[in-house]
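In: quick one, what's the 3D model for this:
(2 chains)
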Protein chains: 2
Amino acid sequence: MTLCDIGNSNADFYQDGKVWTLSHKEFYAFTPQEKVYYICVNDALKEKLEHKAQFIDLEPYFEFDTIYQGMGVDRMAACYTIEDGLIVDAGSAITVDIMSGGMHLGGFILPGLSAYEKAYASISPRLNLSINPSIALDALPQRTHDAISYGVIKSIVTLLEVTCKDKRIFFTGGDGKFFSKFLNHSIFDRTLIFRGMLKVIKNAHLQ
Amino acid sequence: MTLCDIGNSNADFYQDGKVWTLSHKEFYAFTPQEKVYYICVNDALKEKLEHKAQFIDLEPYFEFDTIYQGMGVDRMAACYTIEDGLIVDAGSAITVDIMSGGMHLGGFILPGLSAYEKAYASISPRLNLSINPSIALDALPQRTHDAISYGVIKSIVTLLEVTCKDKRIFFTGGDGKFFSKFLNHSIFDRTLIFRGMLKVIKNAHLQ
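Out: Next comes the predicted model:
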């Protein structure tokens, strides 16, 4: 069984515990040999997949307790196996969701690291710099490169700390491992979304 | 006497307590009737002004105690009259500087509100939304529009709260008044940078 999570930048695949990634372009050229159970937040790609019998959209099978309107199916999948905790998917965007007693209490969205870099570059050529991942958060920055790195990472980490209180934080996504280093009681699980998808497949008796 | 602070988006003018703004395009067409004391962080514009006798660059006259490398002259001006406090200039970028006993301890930079909006729009058409300025920060968001507004404003406000401890916060810049509402012990002063420029003119006996 192959699972696929199609995001705004890439398509992530999962099969028997193995995980790999295709760009959207590579994904267009990909012909599966077996059924692919997928979720997709990219409207253009989703429409194309609807006409392909090999691809089965899992979105209609999610049963998720929330009053949040228009929640992306990838966020639902990431939360789907967590009873209590903060769920952070740090990819193109950084989505943060709060689960308590199996209920979704709400969530918020920050730009992803490369979107922050684009934001700075759009302001001034002087701010067209990459984020320094080894920035120290316990000392005030003394140069522009550190000032933007600190601004991004410290503002995100501080908001996560304030939000999580004593809850555990579950990180996933391309930058999930990076952020998990800054927070105690945090867990990085690259397969969090796929575990949610497997739970849906099991509960809906799709296999 | 006319003062002018040329930023990445606009040129702000000050004369006898009055403040007004020109776009860069309007600024190019502007011919002053008297001397204009200016600071400028836009390299292209700065080079043009060097050849105009009516325009006097105040940057060489700043005497500012810091180890920060490459600090923008507008940030120095904003800090120049503050002995102790957090100085936040919320414009195209949001610069945050910490002064203690007349010394600059360092600072950091966040994207400005419209740069955040561009960052979200670059991720997905679903996030191409404007920030809702009346978002409540004491309740978890339940829809995408609120989720991005909360993400931006709460992450900025929380980092300012954690950084300021018991210091006063001085806000300036186009969005300074907006942010000052979220923080106790905060002061909004639209003329903060101009007050720094006036101090430089006085100390250097330029007038």
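
In: quick check: buried residues in stretch A:82-101?
Out: Applying a neighbour-count criterion of 16 or more other C-beta atoms under 10 Å in any protein chain shown, the buried positions in stretch A:82-101 are A:82, A:85-99. The C-beta positions use only the backbone N, C-alpha and C, and glycine is treated the same way.

In: out of those residues, which touch chain B?
Out: The residues of these that also fall near chain B, by C-beta under 8 Å from any C-beta of the partner chain, are A:92, A:93, A:94, A:95, A:96, A:98.

In: narrow these to those in helices?
Out: When helices are assigned by DSSP state H, not one member of those lies inside them.

In: now do the contacts for residue A:66.
Out: With contact set as C-beta atoms under 8 Å, 6 or more residues apart in numbering or on different chains, residue A:66 has these partners: A:76, A:103, A:104, A:106.

In: ok, the first one - how many residues close by?
Out: In other words, residue A:76. For residue A:76, the count of nearby residues is 23 (other C-beta atoms under 10 Å in any protein chain shown).

In: contact partners for it?
Out: By C-beta under 8 Å, 6+ apart, the residues touching residue A:76 are A:62, A:64, A:66, A:196.

In: pretty sure it is in a helix, no?
Out: Yes. Going by DSSP: H, G, I helix; E, B strand; the rest coil, the assignment for residue A:76 places it inside a helix.

In: quick one: buried residues of the longest helix that chain A contains?
Out: The helix spanning the most residues in chain A, taking DSSP H as the definition, is helix A:144-164. Within helix A:144-164, the residues that qualify as buried by neighbour count (16+ other C-beta under 10 Å) are A:144-161, A:163-164.

In: briefly note if that helix comes near chain B.
Out: Yes. Judged by C-beta under 8 Å from any C-beta, helix A:144-164 comes into contact with chain B through A:144, A:146-148, A:150-152, A:154-156, A:158-159, A:162.

In: tell me if the very next helix or strand once past that helix is near chain B.
Out: Using DSSP states H and E, the helix or strand that follows helix A:144-164 in sequence is strand A:169-172. No. For strand A:169-172 and chain B, the contact criterion (C-beta under 8 Å from any C-beta) is not met; the two come no nearer than 15.5 Å.

In: could I get the pLDDT score of residue A:33?
Out: As summarised for this prediction, residue A:33 has a pLDDT of 89.

In: whoops, I mixed them up, residue A:45
Out: pLDDT recorded at residue A:45 is 89.

In: run a quick neighbour tally on the residue nearest to residue A:55 when sequence neighbours are not counted.
Out: Here the nearest residue to residue A:55 in space, its sequence neighbours aside, is residue A:49; by C-beta to C-beta, 6 or more residues apart in numbering or on different chains that works out to 4.5 Å. Residue A:49 is flanked by 18 other residues according to other C-beta under 10 Å.

In: state the phi and psi torsions of residue A:49.
Out: The phi and psi torsions at residue A:49 (degrees, to the nearest 10) take the values phi -70, psi -20.

In: who's in contact with it?
Out: The neighbours of residue A:49, taking C-beta under 8 Å, 6+ apart as the test, are A:38, A:40, A:55, A:57.

In: ok, now with 10 Å
Out: By C-beta atoms under 10 Å, 6 or more residues apart in numbering or on different chains, the residues touching residue A:49 are A:4, A:6, A:27, A:36, A:38, A:40, A:42, A:55, A:56, A:57.

In: out of those residues, which are buried?
Out: A residue is treated as buried here by neighbour count (16+ other C-beta under 10 Å); on that basis the buried members of the contacts of residue A:49 are A:4, A:6, A:27, A:36, A:38, A:40, A:42, A:55, A:56.

In: now for the strand or helix carrying the fifth one, which elements pack on it?
Out: Per DSSP H and E, residue A:38 falls inside strand A:36-40. Other helices and strands packing on strand A:36-40, by 3 or more C-beta pairs under 10 Å, 6 or more residues apart in numbering or on different chains; DSSP states H and E, are strand A:2-6, strand A:10-15, helix A:43-49, strand A:55-57, helix A:73-79, helix A:192-203.

In: let's go with 7 Å and repeat that
Out: With contacts defined as 3 or more C-beta pairs under 7 Å, 6 or more residues apart in numbering or on different chains; DSSP states H and E, the packing partners of strand A:36-40 are strand A:2-6, helix A:43-49, strand A:55-57, helix A:73-79, helix A:192-203.

In: what's the most buried one of those?
Out: Mean neighbour counts were compared across the helices and strands packed on strand A:36-40 using mean count of other C-beta atoms under 10 Å in any protein chain shown; the top stretch is helix A:73-79, at a mean of 26.

In: only C-alpha atoms, please: export that one in CSV.
Out: What follows is helix A:73-79, C-alpha atoms only, in CSV (Å, rounded to 0.1, in the frame of the first residue of the first chain):
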residue,chain,number,x,y,z
VAL,A,73,-6.7,17.8,5.3
ASP,A,74,-3.0,17.5,6.0
ARG,A,75,-3.5,19.3,9.3
MET,A,76,-6.4,16.9,10.1
ALA,A,77,-4.1,13.9,9.3
ALA,A,78,-1.3,15.2,11.5
CYS,A,79,-3.7,15.7,14.4
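
In: off-centre distance for it?
Out: Relative to the mean C-alpha coordinate of its chain, helix A:73-79 is positioned 8 Å out (C-alpha atoms, centre = their mean, to the nearest Å).

In: quick check: closest non-adjacent residue to the residue in chain A sticking out farthest from the centre.
Out: Relative to the average C-alpha location in chain A, and by C-alpha atoms, centre = their mean, no residue lies farther out than residue A:142, which sits at 31.9 Å. Ranked by C-beta to C-beta, 6+ apart and with sequence neighbours excluded, the top spatial neighbour of residue A:142 is residue B:68, at 4.9 Å.
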